[in-house]
Structures are given as structure tokens and as C-alpha cells.
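A.B. asks: could you look at this predicted model? Sequence included:
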Amino acid sequence: KGGRVVWLLAKLDASFYAVPDDRVDSYILLASSHDGTMHVTIKHTPIRVVCWNTLSAALIGRETSVRIKHTRYAQNELKAAHKLMGLTTKSMEQMHELVDVLLSRNVSVGFMRTFVEKLFPSVRNREKRPKNKHLEPLEMLFVNETNSFPGMQRTGWALYNAVTEYIDHSWSTKDATYRSWFGTGEDLRTKAIQLLVNQTGE
């Protein structure tokens with residue numbers, strides 16, 4: 001946006017392996033704007049190394065994010081962000097536990113189709129019922145080599161990573177500027193996790 005929005009990503013000394021060769025690293029993101037259009041935002045952001053996919057921290061809770069208004073007292077309020085650093089180890093542990101749950105979820109063809117429809121509801125003609133336009137690209141990403149490491153094929157973890165890869169790199173939307181860390185993209189990640197954990201859609 002012509003330099004109006006700026007961000008900084010700092011890697012932390014914390015990571016885990018979902019399965020061998022599939023590492024998730026831990027980062028702190030700081031984002032702000034020079035024109036006052038967004039708060040100063042500091043948040044914990046796990047990222048999957050193998051394809052640089054952002055994994056939403058919203059799934060863990062608001063304690064992994066701090067927002068500060070643009071006021072003359074903002075400098076003092078930045079001290080509140082220090083508490084976030086102490087929570088990152090805990091949130092990575094929670095993330096690891098969540099990944100283990102997703103790895104235990106098997107994804108059938110029927111679930112895949114209903115999952116995509118719930119995540120990206122389409123306007124369907126009752127007579128023709130065209131296929132959801134998001135289904136085919138997500139199916140291709142679901143079986144992509146980066147989502148097919150031994151132990152993760154056809155699981156909720158593979159499908160979640162297909163969703164994050166789609167949002168980060170392929171999805172065409174007006175919200176594209178912030179889709180990796182904020183807004184609609186983050187909301188979709190959280191919804192995807194809820195559907196996968198609850199196995200709703202079959």
C-alpha cells in the first residue's frame with residue numbers, strides 16, 4: 001500500500017515437527033500503519049517451514065495477540081506486549097497438541113466435499129448444482145507432495161495445510177493484502193480447524 005503499512009517478523013527459538021521433515025517454527029509479528037488505518041498489532045504466528053504457510057494463532061485464543069491504538073500513550077502501552085513473549089512457548093505446545101488431533105482425523109472424499117462447501121459456501125442453482133469452484137484447487141493441494149509426507153496423507157493436518165496454502169498463495173480475494181495474517185484469511189483458518197476437529201461435514 002505504498003509504504004503506508006509496515007510489518008516485522010521475528011523468529012523465535014521454538015519449533016516442533018508434526019511428522020518427520022515437517023517442521024513448524026515460531027514467530028512474533030509486528031504490524032502497523034503510518035496513516036492510522038490499523039492498530040499496532042503484535043501477535044504470535046506459527047509458520048510451516050516446508051511451504052511457508054501461515055498457521056493462524058487465532059485458534060489458540062486472543063492471549064496470543066496484542067492490539068494498541070495510535071495515541072501519544074502508545075509507547076507506554078507497548079510494554080503490554082511483553083507478556084506475549086512469555087506465552088509463546090505455551091501456545092506452541094497447544095499448537096503441537098492441535099496438530100496431533102488433526103493427524104488423527106482421516107479425510108474421506110465425502111468429507112472433503114462437504115468440508116469445502118461449509119468453508120466456502122457457494123450459491124447453487126437447485127437444478128444444475130455446479131461444483132464448488134474452490135473444491136478442485138483444494139483437492140489438488142490436498143494431495144500435493146508438501147502435504148503427503150508419511151504419516152500425514154489423507155488426514156486433517158494435510159487438509160488444513162491445503163487450506164492455508166490456498167489462502168496464502170492461490171485464493172483470489174479483495175482481502176489479499178492481509179490474508180496471511182489478518183481478516184478473512186485468519187477467520188477461514190479458524191473455521192477450518194473447528195470443522196476438522198469436530199469432524200463436521202460428513
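C.D. replies: Sure, I can see it.
A.B. asks: the longest strand along the chain pairs with which strands?
C.D. replies: Ordering each strand of the chain by length in residues (DSSP state E) puts strand 5-19 first. Within its sheet, strand 5-19 is paired with strand 22-33 (antiparallel), according to DSSP bridges.
A.B. asks: neighbours of the residue lying closest to P46 once chain neighbours are set aside, how many?
C.D. replies: What sits nearest to P46 in space, not counting adjacent residues and going by C-beta to C-beta, 6 or more residues apart in numbering, is L55, at 4.4 Å. Yep, even glycine has a C-beta here, placed from its N, CA and C like the rest. Using other C-beta atoms under 10 Å, L55 has 21 neighbouring residues.
A.B. asks: also V50?
C.D. replies: 15.
A.B. asks: on the three-state scheme, Q153 is what?
C.D. replies: Three-state assignment for Q153 (DSSP: H, G, I helix; E, B strand; the rest coil): coil.
A.B. asks: could you tell me the per-residue confidence at it?
C.D. replies: Listed pLDDT for Q153 reads 93.
A.B. asks: other SSEs contacting the strand or helix carrying A192?
C.D. replies: Element membership of A192 [criterion: DSSP states H and E] is helix 183-198. Here helix 183-198 touches helix 82-103, helix 109-119, helix 156-165, going by 3 or more C-beta pairs under 8 Å, 6 or more residues apart in numbering; DSSP states H and E.
A.B. asks: now do the first one against strand 22-33, angle only.
C.D. replies: When you say that, I think you mean helix 82-103. 140 degrees (axes from the mean of the first three to the mean of the last three C-alpha atoms, to 10 degrees).
A.B. asks: now helix 82-103: buried residues?
C.D. replies: L84, T88, S91, M92, Q94, M95, L98, V99, L102, L103 (16 or more other C-beta atoms under 10 Å).
A.B. asks: quick check: the residue lying closest to K133 once chain neighbours are set aside vs R113, distance?
C.D. replies: Leaving aside its chain neighbours, K133 sits nearest to S122 (7.0 Å; criterion: C-beta to C-beta, 6+ apart). S122 sits at a distance of 11 Å from R113 (criterion: C-beta to C-beta, to the nearest Å).
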